[in-house]
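Participant: my questions concern the predicted model and sequence given below.
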Amino acid sequence: MESERWRRLLSEADSTYWLTRFVILRLLGFIYAIAFLVAANQIVPLIGEHGLRPLPLFLEHVREALGSSFAGFLRLPSLFWLDHSDTTLVLVAWIGFGLSCLVLAGYANAILLSLLWFLYLSFVHLGQEWYGYGWEVQLLETGFLAIFLCPLLDARPFTRRAPPLVIFWLFRALIFRIMVGSGMIKIRGDESWRDLTALYYHFETQPIPNGLSRWVHFLPRAVLRGGTLFNHIAELAAPWFVFWPRSVRYIAGIIIIAFQIVIILSGNLSFLNWVTIVPALACFDDRAWAKILPRSLTRRAEQAAKSATVSRPMQRTAWVVAAIVAVLSIQPVLNVLSAHQIMNTSFDPLDLVNTYGAFGAVGKERFNVVFEGTDSYFPDETATWKPYPYKGLPVALDRRPPQIAPYQLRLDWQMWFAAMGTPAEYPWTLNLVWKLLHNDPGALSLFASNPFPDRPPRYVRAVWYRYKFAPPGNYDRRWWERDEKQIWLPPFSADDSALIKFLRRAGWIEKEKTR
């Protein structure tokens, strides 16, 4: 009798997921909308024909390496192999945004979600380092699974086709892999996670802090150690219970989602935590959602359940997808078990099943590269250097860190990484300097403002600073303190022959452009 009880619980015979599907798809539509909006606003200055890393040059290099455009497409499937003009890039981004809004409004079917998935995959595969973040492939994997929650054609919020239960189990497997992979990379990667001191540094050194980051940073050390412990509970303990019966699964889902909300409130990690919440929602069935959603929605779900008919093609397709995901999960699972674990890696050309992780190492100091220009004839320390303010990264000491996420500032993120490296590792920064020397509108759109609105500066350089939070309540009302470490890029002028030679060799400028 006891075994029968457990069999019933595990089969979820008394559970329905109409409201779960409704919530998952609405949140997914919101995330897709943000992701495509980012592309619409930033894709041209980043990878357009005259962008920082022009897409035509990248496609040419891929063709040379693989032998043909068709081979390139098989390795990096993308719509932009057919056409990669600036107009096409922006048009696809806005089409994606419009379709995302339809899903957000409540209308989704398999065709619509397939379109969104492939359009965003097109940006991820050819976006180069600008799209090299773990949440990009995480959105693709999540979006792929969501396709099979819906009927092929019927886009109504509550159709006559029940969502296949196996897809919710795949979502649970996804959140398990995301959380455990993230927890294991931390335990293996940095002693500060093991001795519970990681949060002494994280909020100050994270990519883009927000307005609450400083307050959290200065919390008592005991609270921060408790926060690190909560991190381990959410990532290494709770995921094991997402496959359990209802009540235990609810608790696991609540812990995971609460953890993501805390991260959302304390920093700007793009849409990473938002898209992580999506598969965690599969821990809850309609019984849970009925307690918090409007009664009108609950009634519609109940009516849909009563009139539901089984779609055998939909059910069979879901099981085929489950089999494919099971096979493709072998390498990601082995990676999590490996002592040489890597994070945020794809193992198939379509990014269907991936490995994840974040902050395997926590920086103890915050560094920032600030681009500065001057009108002076002599680019030395006697010159008046004006900084180019980022939209998110700190520059001015009295500026409150803004709330950006779930939107992403892709230049700011890359410059956070660049500050931990050298210019040789980020050669496109020289292309950025060139564009600033010419007041290029596209490049300037990536910054908060242009300190030289009337005419370009004579020289541009980049300076490497160390930043730290100023204590709250300081006399000058500063948010930051900083000290200059060294010059990261020396001053360059528009007629600098070495700069021109480098850019021309890279294919970033043509001969006539330098005249």
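Facilitator: Here it is on my side, so go on. Numbering: from 1, shown residues only.
Participant: got a pLDDT number for Gly360?
Facilitator: In the predicted model, Gly360 carries a pLDDT score of 88.
Participant: so how far is Ser182 from it?
Facilitator: Note on Gly360: its distance to Ser182, by Cβ to Cβ, to the nearest Å, is 9 Å. (C-beta placed from N, C-alpha, C; glycine too.)
Participant: common neighbours of these two, please.
Facilitator: Taking Cβ atoms under 8 Å, 6 or more residues apart in numbering as the contact rule, Gly360 and Ser182 both touch Met343.
Participant: the more surrounded of these two?
Facilitator: Ser182 (25 against 18; other Cβ atoms under 10 Å).
Participant: close enough to count as contact, that one and Thr355?
Facilitator: No: look at Ser182 against Thr355 with Cβ atoms under 8 Å: they stay out of range, at 10.0 Å.
Participant: tell me, what's touching those two both at once?
Facilitator: Common neighbours of Ser182 and Thr355 (criterion: Cβ under 8 Å, 6+ apart): Met343.
Participant: following element in sequence after whichever strand in the chain runs longest, please.
Facilitator: When the chain is parsed with DSSP state E, its longest strand is strand 480-492. Sequence-wise, the next helix or strand downstream of strand 480-492 (DSSP states H and E) is helix 497-506.
Participant: what residues sit buried inside that next one?
Facilitator: Buried residues in helix 497-506, defined by neighbour count with 16 or more other Cβ atoms under 10 Å: 499-500, 502-503.
Participant: ok, which pair from these is furthest apart?
Facilitator: Of all pairs drawn from those, the widest gap by Cβ to Cβ lies between Ile500 and Phe502 and measures 7.4 Å.
Participant: where does the most centrally placed residue in the chain fall, phi/psi-wise?
Facilitator: Residue closest to the mean C-alpha point of the chain, counted by Cα atoms, centre = their mean, is Trp135 at 3.7 Å. Reported as degrees, to the nearest 10, the phi and psi values for Trp135 are phi -70, psi -10.
Participant: with Arg366 instead?
Facilitator: phi -100, psi 120.
Participant: then the one 4 residues further on?
Facilitator: In terms of degrees, to the nearest 10, the main-chain angles of Val370 are phi -110, psi 120.
Participant: may I have the beta-bridge partners of it?
Facilitator: Val463 (DSSP bridges).
Participant: from the buried residues of helix 497-506, pick the one nearest Val92.
Facilitator: Ranked by distance to Val92 (Cβ to Cβ), these are led by Leu503 at 28.1 Å.
Participant: what about the closest one, distance to Leu212?
Facilitator: Taken as Cβ to Cβ, the span from Leu503 to Leu212 is 41 Å.
Participant: before we move on, back to that, relative to helix 497-506, how tilted is the longest strand of the chain?
Facilitator: Put simply, strand 480-492 runs at 90 degrees to helix 497-506, going by axes from the mean of the first three to the mean of the last three Cα atoms, to 10 degrees.
Participant: local confidence estimate at the residue nearest to the centre of the chain?
Facilitator: 95.
Participant: kindly report the same for the one 5 residues further on.
Facilitator: With respect to pLDDT, Leu140 has a value of 97.
Participant: before we move on, what about the one 10 residues further on?
Facilitator: pLDDT for Cys150: 94.
Participant: that one: how many residues sit nearby?
Facilitator: 25.
Participant: can you pull out the strands in the stretch 301-450 of the chain?
Facilitator: 345-346, 354-355, 366-374, 386-387 (DSSP state E, counting those that start in this stretch).
Participant: what about the second one, average pLDDT?
Facilitator: Spelled out, it's strand 354-355. Mean per-residue pLDDT for strand 354-355: 92.
Participant: for it, which helices and strands make contact with it?
Facilitator: helix 134-147, helix 330-337, strand 345-346 (3 or more Cβ pairs under 8 Å, 6 or more residues apart in numbering; DSSP states H and E).
Participant: so what's the residue count around Leu328?
Facilitator: The number of residues packed near Leu328 is 16, by other Cβ under 10 Å.
Participant: and it, what pLDDT?
Facilitator: 94.
Participant: now the one 10 residues further on
Facilitator: pLDDT for Ser338: 86.
Participant: name the residues of stretch 220-227 that are buried.
Facilitator: Residues 224-225, 227 are the ones in stretch 220-227 that count as buried (16+ other Cβ under 10 Å).
Participant: ok, so of the buried residues of helix 497-506, who is nearest Arg160?
Facilitator: Leu503 (59.8 Å).
Participant: returning to what we had before: return the most buried member of the strands of the stretch 301-450 of the chain.
Facilitator: Using mean count of other Cβ atoms under 10 Å, the stretch among the strands of the stretch 301-450 of the chain with the largest mean neighbour count is strand 354-355, at a mean of 26.
Participant: distance from it to the middle of the chain?
Facilitator: Put simply, strand 354-355 sits 14 Å off its chain's centre (Cα atoms, centre = their mean, to the nearest Å).
Participant: direction included, what does that strand pair against?
Facilitator: As defined by DSSP bridges, the strand partners of strand 354-355 come to strand 345-346 (antiparallel).
Participant: and the contacts of the partner strand?
Facilitator: For strand 345-346, using Cβ under 8 Å, 6+ apart, the contacting residues are 137, 335, 354-355.
Participant: ditto for stretch 222-235
Facilitator: 179-180, 182-183, 186-187, 193, 196-200, 255-256, 258-259, 262.
Participant: of those residues, which belong to strands?
Facilitator: Among the contacts of stretch 222-235, DSSP E puts none in strands.
Participant: buried ones among the residues you listed?
Facilitator: Buried among these by 16+ other Cβ under 10 Å: 179-180, 182-183, 186, 193, 196-200, 255-256, 259, 262.
Participant: state the pLDDT value of the nearest residue to Ala308 once chain neighbours are set aside.
Facilitator: Nearest residue to Ala308, sequence neighbours excluded (Cβ to Cβ, 6 or more residues apart in numbering): Ala162, at 4.8 Å. pLDDT, Ala162: 90.
Participant: does Ala162 really touch Lys306, like I thought?
Facilitator: No: using Cβ under 8 Å, Ala162 is not in contact with Lys306, being 11.1 Å away.
Participant: neighbour count for the two, which is higher?
Facilitator: A side-by-side neighbour count of Ala162 and Lys306, using other Cβ under 10 Å, places Ala162 first with 20 against 7.
Participant: show me what contacts the more buried one?
Facilitator: With Cβ under 8 Å, 6+ apart, Ala162 has these contacts: 16-18, 304-305, 308, 310.
Participant: equivalent analysis for Ser311, please.
Facilitator: Applying Cβ under 8 Å, 6+ apart, we find Ser311 in contact with 151, 161.
Participant: most packed of the helices and strands packed on strand 354-355?
Facilitator: Highest mean neighbour count among those (mean count of other Cβ under 10 Å): helix 134-147, a mean of 24.
Participant: and that helix, what does it pack onto?
Facilitator: Right, helix 134-147 is packed against helix 18-47, helix 110-126, helix 165-189, helix 272-280, strand 354-355 by 3+ Cβ pairs under 8 Å, 6+ apart.
Participant: and stretch 402-411, end to end?
Facilitator: 16 Å (Cα to Cα, to the nearest Å).
Participant: contacts for that stretch?
Facilitator: The contact list for stretch 402-411 (Cβ under 8 Å, 6+ apart) reads 31, 34, 37-38, 42, 46, 52, 130, 208, 210-211, 264, 267-271, 273-274, 390-393, 446-447.
Participant: kindly reformat the contacts of Ala162 as CSV containing pLDDT, distance to Arg249 and neighbour count.
Facilitator: Formatted as CSV, these follow (pLDDT from 0 to 100; distance: Cβ to Cβ, whole Å; neighbours: other Cβ atoms under 10 Å):
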residue, pLDDT, distance to Arg249, neighbour count
Thr16, 90, 15, 21
Tyr17, 93, 13, 25
Trp18, 93, 18, 23
Ala304, 87, 23, 20
Ala305, 86, 20, 16
Ala308, 84, 23, 16
Val310, 82, 25, 9
